[in-house]
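> fold the following, please.
(one chain, ligands or ions: 1)
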Amino acid sequence: MEQLSVTKLAPAEPATVSPPAVEALPTPALLLDLDAFEQNLAKMATFLRRKGVALRPHAKTHKCPRIALKQMEAGAEGICVAKLTEAEAFIAAGIRQVLVTTPVVDLLQIRRLMTLVKSAPDVTVVVDNPANVDALEEAAAAAGVRMPVLVDLDCGAHRTGVAPGPASTALAQRVARARALRFGGFQAYAAHLMHVVGYDDRRRSELEALDYALTARRLAERAGLPVSVFSVGGTGTYDVDCDIDGVTDVQAGSYVFMDVMYRAIGGRASSVYDDFKPALFVLSTAVSQPVQGFITIDAGYKAAAADHQPPQPWNLGDVSYQWAGDEHGILTLTNPRREVRVGDKIRLIVSHCDPTVNLYDRFHVCRGDQVVDVWPIVARGALPVTAAPGGDV
Ligand SMILES: Cc1ncc(COP(=O)(O)O)c(C=O)c1O
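So this is what the prediction gives:
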């Protein structure tokens, strides 16, 4: 029998696996730059803490429990969500203090909301009409819970909310009278002012809008209703909101990522609003160059929100983006900082962070040029629940 020669192997060294390079990702991919993200997270948390105002970040921006948990660790007192299905996703991940910032009016959804309140009693919802108060009261009583409710104020956007004044007091009193509801105060989000261009105009408009909204607080208190929450604002006005007497918390969302739309509104001292850093990018690949001076990338409408401005190539010099279709964008190479060739990976600052995030299943989290983690966008596409025919939800 043939003798087998056995080579003695040295004891195995622990394998050193280097994290994958961003450049190696299949594109289009959504990138979260961890350094910029962490700076944004800390900056907003520290700023508001020093001002003595709470942060209740809007989680519709990221739809990601990993990020919400980091916001809570940094000191947020709770989170906002836009709808019930987002609330369900975040509560399942262990976050209990959730404010639903849009009225929930569908009866099936109201029932589901009460199921959530049973397990997370701080879940709060906004209302802006009497019939909705009655429906919530009936469902809360039937579920045996006492649900916290804020009255939503229309401070000029005419999107949701009741006008501050007699109507807001009447609604607050209706909530306070409802035995299965608990009146907590008001929400006053001036959606039409977040992107006012120019710091001084934005500040003046927000001060006016919130002075008007705070009428609701004054009238409610005069009517004997204690107001513990007056929740306002967003990324565009956080540093105005925090100095207004009577405001308790700020609902900023986009600050964690920033986007082209926010950068364009201008800051206190510069034409670019740069209080927070761009942290969210779409990574694309240059796939074709039919014409010199232009190059086509694999990121079109399906890769980036297209509701206002286009995304912006990052760190490439004078290069702009134009939409070319579902799958493609064309870059105009006016004065690029470096040569851009087919096969190159190109980062784009997202044009509008919320709807762009909703196109992806995960963030590729990176430090510099290395991917260090993957965070699932759990509430991505979470649409309102509907009943199955003949069935319960
Ligand atoms: C009710 C409400 N609050 C807060 C925000 C957060 O605003 P931003 O992302 O501009 O910080 C939004 C965003 O649309 C909102 O609808």
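> next up, phi/psi of Ala286, please.
The phi and psi values for Ala286, taken as degrees, to the nearest 10, are phi -70, psi 120.
> pull out the buried residues from stretch 129-136.
By 16 or more other CB atoms under 10 Å, the buried positions in stretch 129-136 come out as Asn129, Asn132, Val133, Ala135, Leu136. Backbone N, C-alpha and C define where each C-beta goes, glycine included.
> other residues contacting it?
Outside stretch 129-136, the residues within contact range by CB atoms under 8 Å, 6 or more residues apart in numbering are 103-105, 107, 110, 113, 125, 127, 147, 149, 162, 170-171, 174-175, 178, 180-181.
> how far away is Pro310 from the ligand?
19 Å (CB to the nearest ligand atom, to the nearest Å).
> so Tyr212 makes contact with Asp154?
No - judged on CB atoms under 8 Å, Tyr212 makes no contact with Asp154 at a distance of 9.7 Å.
> pull up the overlap in contacts between those two.
Joint contacts of Tyr212 and Asp154 (CB under 8 Å, 6+ apart) are Pro164.
> out of the two, which sits in the more crowded spot?
Asp154 (21 against 18; other CB atoms under 10 Å).
> could you measure from the nearest residue to that one once chain neighbours are set aside over to the ligand?
Of all residues not flanking Asp154 in the chain, Gly161 sits nearest, at 3.3 Å (CB to CB, 6 or more residues apart in numbering). Gly161 sits 10 Å away from the ligand, going by CB to the nearest ligand atom.
> pLDDT at Gly161, what is it?
pLDDT, Gly161: 98.
> and Val319, its phi and psi?
phi -140, psi 130.
> number of residues surrounding the closest residue to it other than its chain neighbours?
Nearest residue to Val319, sequence neighbours excluded (CB to CB, 6+ apart): Pro313, at 4.6 Å. Neighbourhood size, Pro313 [other CB under 10 Å]: 24.
> which of the three states applies to the spatially closest residue to Ala223 that is not a sequence neighbour?
Excluding its sequence neighbours, the residue lying closest to Ala223 (CB to CB, 6+ apart) is Thr169, at 5.5 Å. Thr169 falls in the helix class when you classify it by DSSP: H, G, I helix; E, B strand; the rest coil.
> one step back: what sits against the residue nearest to Val319?
Val319, Ser320, Tyr321, Leu331, Ile346, Arg347, Leu348, Ile349.
> for PyMOL, write the selection for the buried entries among these.
Selecting only the buried entries of those in PyMOL, with 16+ other CB under 10 Å as the criterion:
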select buried, resi 319+321+331+346+347+348+349
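> closest to the ligand among the contacts of Pro313?
Ile349 (15.5 Å; CB to the nearest ligand atom).
> against the ligand, how distant is Lys251?
Small correction: residue 251 is Gln, not Lys. 4 Å.
> rewinding a little: what distance do you get for the residue nearest to Val319 to the ligand?
Taking CB to the nearest ligand atom, one finds Pro313 at 23 Å from the ligand.
> try Arg202
The separation that Arg202 has from the ligand, given CB to the nearest ligand atom, amounts to 12 Å.
> taking the buried residues of stretch 129-136 one by one, which sit in helices?
Asn132, Val133, Ala135, Leu136 (DSSP state H).
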